[in-house]
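Chemist: Give me a 3D structure for the following:
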Amino acid sequence: MTEERDTVRLDKWLWHARFFKSRSISAGVISAGHVRVNGAPAPKPARAVGQGDVLTFPQERQVRVVKIIACGTRRGPAPEAQALYEDMSPPVEKTPANPRFDGGGRPTGKDRRDLMAAKGRGDPFALE
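Modeler: Alright, predicted model coming up:
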C-alpha cells in the first residue's frame, strides 16, 4: 500500500506562500514557462505539488529556490506563509547606493550650486 501525500495546485501554493499577489499572476508566470518543479519545467498552473518538492522561479530581480514543507490550506498572514517553505535561494548581493557628491559620482543641483558658490562664481540662477 502506498501512502498518498497531500498535494495542491502549483499556482495556488505560490499564492498561499505569498510569492505572488494573486493567483492569476502566479498562473501567468507558470504558463510562461518560468517555473521549475524538481528541475523540470511546470507547463500548467494545475500541476500538483506537495511536501518535499523544490521550486525554482523568478521573483522581481532574483531567482528563488524554495523547498515545500507544507501545502497550506489558506492564504494567511506572512509568518504563516513563511512556515510553508524553506528558502534555498543563493544570497542576494546588494549593490551600494549612490553616494552623495563627494568628488565622485554625479552631483545634485544643490551640490553644484554650493560648489559654484565656493569657487566664487555666485548663483547661476540669480538675475544680475
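Chemist: got the phi/psi numbers for the nearest residue to residue 18 once chain neighbours are set aside?
Modeler: Of all residues not flanking residue 18 in the chain, residue 81 sits nearest, at 4.2 Å (C-beta to C-beta, 6 or more residues apart in numbering). Bear in mind the C-beta positions are built from the backbone N, C-alpha and C, glycine included. Per-residue torsions, residue 81: phi -70, psi -40 (degrees, to the nearest 10).
Chemist: what's the burial count for residue 81?
Modeler: Neighbours of residue 81 under the rule other C-beta atoms under 10 Å: 17.
Chemist: And the helices in the protein, which stretches?
Modeler: Remark: helices assigned in the chain by DSSP state H are 10-16, 23-31, 78-82, 109-118.
Chemist: which of those is buried the deepest?
Modeler: helix 10-16 (a mean of 24; mean count of other C-beta atoms under 10 Å).
Chemist: who's in contact with that helix?
Modeler: By C-beta atoms under 8 Å, 6 or more residues apart in numbering, the residues outside helix 10-16 that reach it are 8, 20, 22-23, 26-27, 29-30, 35, 37, 42, 44-49, 55, 57, 68, 71-72, 74-76, 81, 84.
Chemist: What about residue 92, how many residues nearby?
Modeler: Residue 92 - counted by other C-beta under 10 Å - has 9 other residues nearby.
Chemist: Pretty sure residue 50 sits against residue 68.
Modeler: Yes: Residue 50 lies in contact with residue 68 (C-beta atoms under 8 Å); the separation is 6.6 Å.
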